[in-house]
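Peer 1: sequence and predicted structure, then a few things I'm wondering about:
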Amino acid sequence: MRFLITLFSAAALLCAAPDPALTRLEQQLDRVARTTDAIVGISATHIESGRAVSLRGGESFPMASAFKLPVAVQIMTMIDEGKLTAEKMVPLGPVDLHPGSGKLTELFFHPGVSLSVSNLMELMLVISDNTAADVMLREAGGPAAVTARMKALGLNGIRVDRSTALLISAFQGAKSIPPESEWNRELWDRLYDAVPERDHMAARRAETRDPRDTATPDDMTKLLVRLWKRDALTAQSSTTLLEVMDRCQTGKSRIKGMLPLVTPVAHKTGSLGGIANDVGIITLPGDAGHVAISVFTKGSGRPEEVSEKAIAEVARTVYDFFVMVR
């Protein structure tokens, strides 16, 4: 009996032994991460085989606009449950025009605009429109509802706490933000212009340590895997969401930056000062399968292009590995 137990223990240890090839890949990724002054978090999973690598994968990173993906998942969940329709028309008023990326705030100056949930989703994910994102966040039931959905999926490392308007205001160091009923585009400019540069820089540093609106690379990659496997949403909603992500126009120098030009990538980026992120699914050539990958950075004092290059190198390193090693 003791001999059998010894054999069983040895077999268990053998099964638990790390994969040397994956260990080398993690070492390569660590070297790439050190090319930037940012703290870099990486998580990648080959969906078909389940082989995975992680670097700071359990550490929380600010999502910036990558938070729009969990919002989209909650919206699609509500559509699956019959609580919302993609055709619903949502009116936008002056209080809805929020600062930051996108086109809605730039183009619409007068009341009288209504857009469908489908169009708002496109704007939120394809061009990362902040106004669309905050309207969708409201339709999703607010930050608490999105976080609750992530927890229901077993993704406790993903939390949404604020709208982009409040997130950017905290990042800028803005004080005394009035009630939402008083918001307008001119308000944001006044609030941000009133912040001394020293206070602004202090607020930026504080945001990189704030646990709110963060995700771990590991849990974000798990979400991507579940979307691909169609077990976080219905098959139709999963396909719809992935098709929208495939049309993403932002972050061309990130995950896609060093991949072959024809490589399909369904992804969502995030940017905010020294924060540059990209999360998505890479379709490998031939029958090599798919890789879900999340790359987060924070705390960089160098131009955004430095972090973008590191993200691109990480993605290419992972791509090459899973194309060659199966």
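Peer 2: Okay, I see it.
Peer 1: show me what contacts the residue nearest to Arg159 when sequence neighbours are not counted?
Peer 2: Once flanking residues are discounted, Arg159 sits nearest to Thr147: 4.9 Å by Cβ to Cβ, 6 or more residues apart in numbering. The C-beta positions use only the backbone N, C-alpha and C, and glycine is treated the same way. If you count contacts by Cβ atoms under 8 Å, 6 or more residues apart in numbering, Thr147 has them with Pro70, Ile158, Arg159, Val160, Asp161.
Peer 1: and the strands in this structure, which stretches?
Peer 2: Using DSSP state E, the strands assigned to the chain run over residues 39-46, 52-55, 61-62, 89-92, 113-116, 214-215, 265-272, 275-283, 290-298.
Peer 1: what's the fourth one in contact with?
Peer 2: Contacts of strand 89-92 from elsewhere in the structure, counted by Cβ under 8 Å, 6+ apart, are Leu104, Phe108, Val113, Ser114, Leu115, Ser116, Val117, Leu120, Thr131, Val135, Glu139.
Peer 1: same check on stretch 32-43?
Peer 2: In contact with stretch 32-43 (Cβ under 8 Å, 6+ apart) are residues 29, 52-57, 59, 61, 216-218, 220-221, 274, 276, 293-302, 306-307, 309-310, 313-314, 317.
Peer 1: quick one on the thing from earlier: drop anything exposed from the contacts of strand 89-92.
Peer 2: Leu104, Phe108, Leu115, Val117, Leu120, Thr131, Val135, Glu139 (16 or more other Cβ atoms under 10 Å).
Peer 1: quick check, pLDDT for the third one.
Peer 2: Here the pLDDT value assigned to Leu115 is 94.
Peer 1: and for the second one?
Peer 2: At Phe108 the predicted local confidence, pLDDT, stands at 70.
Peer 1: related to what we said a few turns ago, select, out of the strands of the chain, the one closest to Asp19.
Peer 2: strand 52-55 (9.4 Å; Cβ to Cβ).
Peer 1: tell me the gap between the closest one and the middle of its chain.
Peer 2: 17 Å (Cα atoms, centre = their mean, to the nearest Å).
Peer 1: tell me the strands beside that strand, with direction?
Peer 2: strand 39-46 (antiparallel) (DSSP bridges).
Peer 1: dump the strand it pairs with to PDB, restricted to CA.
Peer 2: Extracted in PDB, the C-alpha atoms of strand 39-46 (Å, rounded to 0.1, in the frame of the first residue of the first chain):
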ATOM      1  CA  ILE A  39       4.300  48.000 -14.300                       C
ATOM      2  CA  VAL A  40       3.000  45.500 -16.800                       C
ATOM      3  CA  GLY A  41       0.500  42.700 -16.200                       C
ATOM      4  CA  ILE A  42       0.000  39.900 -18.700                       C
ATOM      5  CA  SER A  43      -2.300  37.000 -19.000                       C
ATOM      6  CA  ALA A  44      -2.700  34.800 -22.100                       C
ATOM      7  CA  THR A  45      -4.600  31.600 -22.700                       C
ATOM      8  CA  HIS A  46      -4.600  29.400 -25.700                       C
END
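Peer 1: taking strand 290-298 as reference, get the angle to it.
Peer 2: In terms of direction (axes from the mean of the first three to the mean of the last three Cα atoms, to 10 degrees), strand 39-46 departs from strand 290-298 by 170 degrees.
Peer 1: distance of the residue positioned nearest the centre of the chain from Leu155?
Peer 2: Nearest to the mean C-alpha position of the chain, by Cα atoms, centre = their mean, lies Ala66 at 2.8 Å. Ala66 sits 13 Å away from Leu155, going by Cβ to Cβ, to the nearest Å.
Peer 1: check the offset of the helix ranked longest in the chain from the chain's centre.
Peer 2: In the chain, taking DSSP state H as the definition, the longest helix is helix 304-324. With Cα atoms, centre = their mean as the basis, helix 304-324 stands 16 Å off its chain's centre.
Peer 1: report the angle between that helix and strand 275-283.
Peer 2: Going by the same axes, to 10 degrees, helix 304-324 is angled at 20 degrees with respect to strand 275-283.
Peer 1: any of the contacts of stretch 32-43 buried? List them.
Peer 2: Of the contacts of stretch 32-43, these count as buried by 16+ other Cβ under 10 Å: 29, 52-57, 59, 61, 216-218, 220-221, 274, 276, 293-300, 306-307, 309-310, 313-314, 317.
Peer 1: same list (the strands of the chain) but as JSON lines, adding distance to Met124.
Peer 2: Putting the strands of the chain into JSON lines (distance: least, Cβ to Cβ, whole Å) gives the following:
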{"stretch": "strand 39-46", "distance to Met124": "23"}
{"stretch": "strand 52-55", "distance to Met124": "28"}
{"stretch": "strand 61-62", "distance to Met124": "18"}
{"stretch": "strand 89-92", "distance to Met124": "12"}
{"stretch": "strand 113-116", "distance to Met124": "11"}
{"stretch": "strand 214-215", "distance to Met124": "17"}
{"stretch": "strand 265-272", "distance to Met124": "9"}
{"stretch": "strand 275-283", "distance to Met124": "15"}
{"stretch": "strand 290-298", "distance to Met124": "19"}
